[in-house]
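1. I'll drop the sequence and a predicted model, then ask my questions.
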Amino acid sequence: MNVAGKTVVITGASRGIGAEAARVFAAAGANVALIARGSDAIEKLATEIGEQAIALTCDVASYASVEDAIAKAKETFGSVDILVNNAGVIEPISHLASADPDEWGTVIDINLKGVFNGMRAVLPMMIASGGGSILTISSGAAHGPVEAWSHYCASKAAVKMLTECVHKENGADGIRAIGLSPGTVATQMQIEIKASGINPVSQLDWDVHIPADWPARALLWMCGLDADQYCGQELSLRDEDLRKRVGLI
């Protein structure tokens, strides 16, 4: 898929993987709709990118907010061809026995319901137009428990299943649903994890984390025909063969 002229909606676009994805897709000629709760960072990024970008303040935990943002993206650029479900949080990191129920639920609202909201908002228009790509940031935490990350592990495991459900229900409609597990990435989230000091991930040296542009470049590659064989599945950037295919090695 040549993304030139296509429209990409990116959630959590204010920093980290989301911001780098916006730059990578824009450099490839795509229009980018930047979604985040805070307006300042995405407006600055939209100004940096230029006319190809629009900043849309949105709370992904609210379906009405997501639906409105998706509608504005379509109104501005004429279509929504790719959704990058990137928005996610990990704080507060805490053990189950001491977790605050409301705060635990907020993480589920953002990490899980936020992904569903994005999928639900774009699917009807993508199906009507003959297809589209729904790319979702997953995690190794979707496949095994990590101490003090019950909210994160549970949400990412559920998100993996959402990708599989979209593929099962709408793959025949031209919907390409693929997950990406990037590994540990040098972003603000890793700073928060490091500060917790709770589990082995928090003990990792900073230099082992990959740069945020690696998953961003993988997301662009996932829009191409080479990635069609992975529809309904989850890719791992820990896989050196995949890194080679993406051009990261």
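-> Structure received.

2. so where's the chain uncertain?
-> Where the chain drops to pLDDT under 70, the residues are 1, 186, 203-206, 208.

3. residue farthest from the centroid of it?
-> Relative to the mean C-alpha coordinate of the chain, counting by CA atoms, centre = their mean, the farthest residue is residue 97 (29.2 Å).

4. ok, and what's touching the helix or strand hosting residue 178?
-> Residue 178 belongs to strand 175-181 when assigned by DSSP states H and E. Strand 175-181 has contacts (CB atoms under 8 Å, 6 or more residues apart in numbering) with 123, 126-127, 131-140, 142, 159-160, 163-164, 166-167, 170-171, 215, 218-219, 222-223, 227-228, 230-238. To be clear about C-beta, it is placed using only N, CA and C from the backbone, and glycine gets the same treatment.

5. what's the longest helix in the chain?
-> In the chain, assigned by DSSP state H, the helix with the most residues is helix 150-170.

6. Just the ones of the contacts of strand 175-181 in strands?
-> If you go by DSSP state E, the contacts of strand 175-181 have 132-137, 234-236 in strands.

7. Which single one of the residues you listed is nearest to residue 93?
-> Nearest to residue 93 among these: residue 137, at 18.3 Å, using CB to CB.

8. Excluding chain neighbours, what is closest to the closest one?
-> residue 86 (4.9 Å; CB to CB, 6 or more residues apart in numbering).

9. ok, residue 231 - contacts?
-> Listed by CB under 8 Å, 6+ apart, the contact partners of residue 231 are 167, 171, 176-178.

10. Highest neighbour count among those?
-> Counting neighbours by other CB atoms under 10 Å, residue 177 leads the contacts of residue 231 with 27 neighbours.

11. From residue 196, how far off is it?
-> Residue 177 sits 32 Å away from residue 196, going by CB to CB, to the nearest Å.

12. Could you do residue 119 as well?
-> To residue 196, residue 119 is 30 Å away according to CB to CB.

13. Comparing the two, which residue is more hemmed in?
-> Set side by side, residue 119 and residue 196 show more neighbours around residue 119, with 23 against 17, by other CB under 10 Å.

14. just the angle between whichever strand or helix holds the more buried one and strand 132-137, please?
-> Using DSSP H and E, residue 119 falls within helix 114-129. Put simply, helix 114-129 runs at 170 degrees to strand 132-137, going by axes from the mean of the first three to the mean of the last three CA atoms, to 10 degrees.

15. Which other helices and strands does helix 114-129 contact?
-> For helix 114-129, the elements it packs on are strand 7-11, helix 63-77, strand 82-85, strand 132-137, helix 150-170, strand 175-181, judged by 3 or more CB pairs under 8 Å, 6 or more residues apart in numbering; DSSP states H and E.

16. Flag every buried residue along the fourth one.
-> Think strand 132-137. Residues of strand 132-137 classed as buried by neighbour count (16 or more other CB atoms under 10 Å): 132-137.

17. Turn the residues you listed into JSON lines, including distance to residue 32.
-> Formatted as JSON lines, these follow (distance: CB to CB, whole Å):
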{"residue": "132", "distance to residue 32": "15"}
{"residue": "133", "distance to residue 32": "14"}
{"residue": "134", "distance to residue 32": "16"}
{"residue": "135", "distance to residue 32": "13"}
{"residue": "136", "distance to residue 32": "17"}
{"residue": "137", "distance to residue 32": "16"}
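
18. which among those gets closest to residue 15?
-> residue 137 (13.3 Å).
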